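> can you look at this prediction? I've put the sequence above it.
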Amino acid sequence: QWAEDVHRGLSKAEPGSKDAEERWTIRAGIATFPEDFYDDGPSLPWEKSDLRMRSTAAEEVIRRATMAAQVAKEKDKNILSYQALLEQGLIKRESAIEKILSPSLTDNEPGALLLIKLDDWKVWQRQHGSRGAAGKARNVMAVCKKESPETAMVEWAGPDRLGIFLPDTGVDSAQELGSAIRQRVKSELSTTVQIGISVHPCPGFAKVEMLDNARKALIHTGFFGPNTQTIFDAVSLNISGDRLYERGKLQEAVEEFQRALTLDPNNVNVSNSLGVCYAQMGKLEEAVTEFLRVTSLKPSDFMGQYNLGCALLSLGREDEAEQAFTRSSEIDPERATPYFQLAKLCRKHDRLEEALNYLGKTVGLKPHWAKAWRLFGECFLEQGNDGEAMNGFKNALKINGNDAAALSGLAILYGRVESNLEIALSLARRSVELNSDNVLFCLRLAELLWQNGELDEAMVQCQRAAARVPDDKQIRQLLEKITAAQRVSTS
């Protein structure tokens, strides 16, 4: 944000200056210290003793920020960070473990890779500075080398992590080494590490993917906290797919979930995730297939049944959707969402008593759900129970004062009492301000305006509604009433 503010300020010439009519083109590059400067292990470039030509910190900061600014100019961007260059592959930064692993990953021989993350790295940086933190990190590497077999390749994989490649090693041996390293690091150095482990062969994965798989296993073990280790598996891929989904990379997430299912075809969590991804992409038939797989493998899976109901509902298969929502409510009666979906379906099919029963359960479990209270109001309004309808709309507005539908519904109720007509108009106008595209809100406002004798504005709102639904009988009838009233008022 600071960089954007500075850029905006520099891009504008002072009013009245000789440059005021000129347009400045300024590109900015950002280098974040110290994160962007750990190229190879825990030491910063200017702290290494083995460099032939040592650069100063200032020189290196300027060099990297300038590099980012130059690429920003080439890509026609105002601001670009050095980190973005790395993430987009515009510059390549290989860790030491990647460099030494490259030749070893071209064959198809068995092997294991441990990716070890230092749990206290950030604490060391704060307490001891970059040099002190680097010294403590090197102590951890020394312990790892002592514990590892002679054939192991041990190198840095980043400032706060290192990799150990074990040729001709299987899962059990890799697990044993990980446990031994964690125990020794804790006892000798009074710190802890997390370890992600990948092995080859792994069904569906090439050997060159071992490092990526170890990274995913490391993220996976992060859910368990410090001093833990995890083998790469379908859950690791599910977590990776979820992260892609959250970033909006749906196709990549689908591919990740599909690969997870090659490792564990019966994993209902992965199938659920894949189904949700398909649904977000509009591939509803594929989503239904995945959710049906979940419910066939585990009929008691709440999310599988509920998601199945949502996907079926989107396809217009309402009877099947209702069955799925009913099953999900039976599996977990303490969840409000299935009852709400059932209430909407019942209301749509004029089963108002059933809808109200489900809504009672909904707000009983989730009393601060504005949409549920609003639906209460709408059902009672259709039932002719004005008092309960008013309570429903008011409860909705206590929770969300900008609920346009509740404002519009409440306006209709107030409009039925002439002394409350000004309040009704205020509510109706607010609902249209919030959602001017809603035909029902415009029509209700037009009726209230006509009722109050504000015919010109009533005509505007009615014509707005008619423009969207020209063949609506109710709108045509109101137009005729307003037109007739205008004739009378001018005669």
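In hand now; what should we look at?

> elements contacting the longest helix along the chain?
The single longest helix within the chain, with elements called by DSSP state H, is helix 121-147. Counting contacts by 3 or more C-beta pairs under 8 Å, 6 or more residues apart in numbering; DSSP states H and E, helix 121-147 packs against strand 111-118, strand 153-158, strand 161-167, helix 171-189. Every C-beta, even on glycine, is put in place using the N, C-alpha and C of the backbone.

> any low-confidence regions in this structure?
The chain contains residues with pLDDT under 70 at 1-25, 33-41, 43-58, 60, 89, 91-94, 491.

> centre-most residue in it?
Of all residues in the chain, the one closest to the mean position by C-alpha atoms, centre = their mean is E246, 3.1 Å from it.

> before we move on, back to that, next one: the longest helix of the chain to chain centre, how far?
Offset of helix 121-147 from its chain centre (C-alpha atoms, centre = their mean, to the nearest Å): 34 Å.

> quick one: contacts for N435?
By C-beta atoms under 8 Å, 6 or more residues apart in numbering, the contact list for N435 reads A404, F441.

> phi, psi of I195?
The phi/psi pair for I195 (degrees, to the nearest 10) reads phi -130, psi 130.

> how much space between it and A406?
For I195, the distance to A406 (C-beta to C-beta, to the nearest Å) stands at 53 Å.

> these two: who's more crowded?
Using other C-beta atoms under 10 Å as the criterion, I195 and A406 rank with A406 on top: 29 against 26.

> near D264, how many other residues are there?
16.

> who's in contact with the closest residue to it other than its chain neighbours?
For D264, ignoring the flanking residues on the chain, the nearest one in space by C-beta to C-beta, 6 or more residues apart in numbering is A234 at 3.7 Å. Contacts for A234 (C-beta under 8 Å, 6+ apart) come out as A260, L261, L263, D264, N267, V270.

> mind listing what's buried along stretch 113-123?
Buried residues in stretch 113-123, counting neighbours by 16 or more other C-beta atoms under 10 Å, are found at L113, L114, L115, I116, K117, L118, D119, D120, W121.

> quick one: which of those residues is nearest A133?
Closest approach between the buried residues of stretch 113-123 and A133, by C-beta to C-beta: W121, at 6.5 Å.

> what about L448, which helix or strand?
Using DSSP states H and E, the element containing L448 is helix 439-451.

> what about the helices in the stretch 201-350 of the chain?
Counting by DSSP state H, counting those that start in this stretch, one finds helices in the stretch 201-350 of the chain at the ranges 210-222, 234-246, 250-263, 268-280, 284-297, 302-314, 318-331, 337-348.

> restrict the shortest one to CA atoms and write it as PDB.
Extracted C-alpha coordinates of helix 337-348, given in PDB (Å, rounded to 0.1, in the frame of the first residue of the first chain):
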ATOM      1  CA  THR A 337     -28.100 -25.400   6.600                       C
ATOM      2  CA  PRO A 338     -30.100 -28.500   5.500                       C
ATOM      3  CA  TYR A 339     -33.300 -27.300   7.200                       C
ATOM      4  CA  PHE A 340     -32.900 -23.900   5.500                       C
ATOM      5  CA  GLN A 341     -32.600 -25.600   2.100                       C
ATOM      6  CA  LEU A 342     -35.600 -27.700   2.800                       C
ATOM      7  CA  ALA A 343     -37.600 -24.700   3.900                       C
ATOM      8  CA  LYS A 344     -36.800 -22.900   0.600                       C
ATOM      9  CA  LEU A 345     -37.900 -26.000  -1.400                       C
ATOM     10  CA  CYS A 346     -41.200 -26.300   0.600                       C
ATOM     11  CA  ARG A 347     -42.000 -22.700   0.200                       C
ATOM     12  CA  LYS A 348     -41.400 -22.900  -3.500                       C
END
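
> make 823 the first number, not 1, from now on.
Noted, 823 is the first residue going forward, which turns the last one into helix 1159-1170.

> show me what it is packed against.
Checking 3+ C-beta pairs under 8 Å, 6+ apart, helix 1159-1170 ends up next to helix 1124-1136, helix 1140-1153, helix 1174-1187, helix 1192-1205.

> the helix or strand following the last one to helix 1192-1205, inter-axis angle?
Later in the chain than helix 1192-1205, the nearest helix or strand by DSSP H and E is helix 1208-1221. When axes from the mean of the first three to the mean of the last three C-alpha atoms, to 10 degrees is applied, the directions of helix 1208-1221 and helix 1192-1205 differ by 160 degrees.

> which parts of helix 1208-1221 are buried?
Applying a neighbour-count criterion of 16+ other C-beta under 10 Å, one finds E1210, A1211, M1212, G1214, F1215, N1217, A1218, L1219, I1221 buried in helix 1208-1221.

> angle of that helix against helix 1174-1187?
Using the same axes, to 10 degrees: helix 1208-1221 against helix 1174-1187 is 30 degrees.

> CA atoms only for the following helix or strand past helix 1208-1221 - export them in CSV, please.
Per DSSP H and E, the first helix or strand lying C-terminal to helix 1208-1221 is helix 1226-1237. What follows is helix 1226-1237 as a C-alpha-only set of coordinates in CSV (Å, rounded to 0.1, in the frame of the first residue of the first chain):
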residue,chain,number,x,y,z
ALA,A,1226,-33.3,-5.4,0.7
ALA,A,1227,-35.9,-8.2,0.6
ALA,A,1228,-36.8,-7.8,4.3
LEU,A,1229,-37.1,-4.0,3.9
SER,A,1230,-39.4,-4.5,0.9
GLY,A,1231,-41.5,-7.1,2.7
LEU,A,1232,-41.8,-4.9,5.8
ALA,A,1233,-42.8,-1.9,3.6
ILE,A,1234,-45.8,-3.9,2.2
LEU,A,1235,-46.9,-4.7,5.8
TYR,A,1236,-46.6,-1.1,6.9
GLY,A,1237,-48.4,0.1,3.7
